[in-house]
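Chemist: got a predicted model here, sequence first, then my questions.
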Amino acid sequence: MTKKDYIAVAKIISQQLENVVGVGAAREVQRSAIRAVARSFATYAEEDNPRSEEDNPRFDRNKFLAAAGVYARTKTVARTRLEGQA
């Protein structure tokens, strides 16, 4: 996968987190599930993908998860860095 692919996946995950329907505990359960998928994807991209070094050796798990909205407090900064704007 290329950097553009990771940016697209992070954007999709972020949008899903923002668009969760429901209230209270049900909403948080859905958001937790989406965050778990994002973490699993990051683990695969970083460690489990047999082609990870070929695909994108500079993949940064923390930047990806921040851009995906899993780390909400650094989301904007990480997304900017991930897209190469900073």
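Modeler: Yes, it's here.

Chemist: please enumerate the helices of this protein.
Modeler: Ranges of helices in the chain, per DSSP state H, are 3-18, 24-43, 52-55, 61-67, 75-82.

Chemist: next, give phi and psi for the residue nearest to the spatial centre of the chain.
Modeler: The centre of the chain sits closest to Ala68, judged by Cα atoms, centre = their mean, with a distance of 3.3 Å. With angles defined as degrees, to the nearest 10, Ala68 sits at phi -80, psi -10.

Chemist: that one against Tyr6, yeah?
Modeler: No. Using Cβ atoms under 8 Å, Ala68 is not in contact with Tyr6; the gap is 9.4 Å. (C-beta placed from N, C-alpha, C; glycine too.)

Chemist: could you dump the helices of the chain to JSON lines with mean pLDDT?
Modeler: Converted to JSON lines, those look like this (pLDDT from 0 to 100):
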{"stretch": "helix 3-18", "mean pLDDT": "93"}
{"stretch": "helix 24-43", "mean pLDDT": "92"}
{"stretch": "helix 52-55", "mean pLDDT": "71"}
{"stretch": "helix 61-67", "mean pLDDT": "92"}
{"stretch": "helix 75-82", "mean pLDDT": "52"}
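
Chemist: which one of those helices is the most hemmed in?
Modeler: Highest mean neighbour count among the helices of the chain (mean count of other Cβ atoms under 10 Å): helix 61-67, with a mean of 20.

Chemist: just give the nearest non-adjacent residue to Ala42, would you?
Modeler: Arg61 (4.7 Å; Cβ to Cβ, 6 or more residues apart in numbering).

Chemist: please report how far that neighbour lies from Ala68.
Modeler: According to Cβ to Cβ, to the nearest Å, Arg61 stands 10 Å off from Ala68.

Chemist: residue contacts, the residue nearest to the centre of the chain?
Modeler: 9-10, 13-14, 17, 38 (Cβ atoms under 8 Å, 6 or more residues apart in numbering).

Chemist: now the two most distant members of the residues you listed.
Modeler: Of all pairs drawn from the contacts of Ala68, the greatest distance, 12.8 Å, lies between Val9 and Leu17 (Cβ to Cβ).
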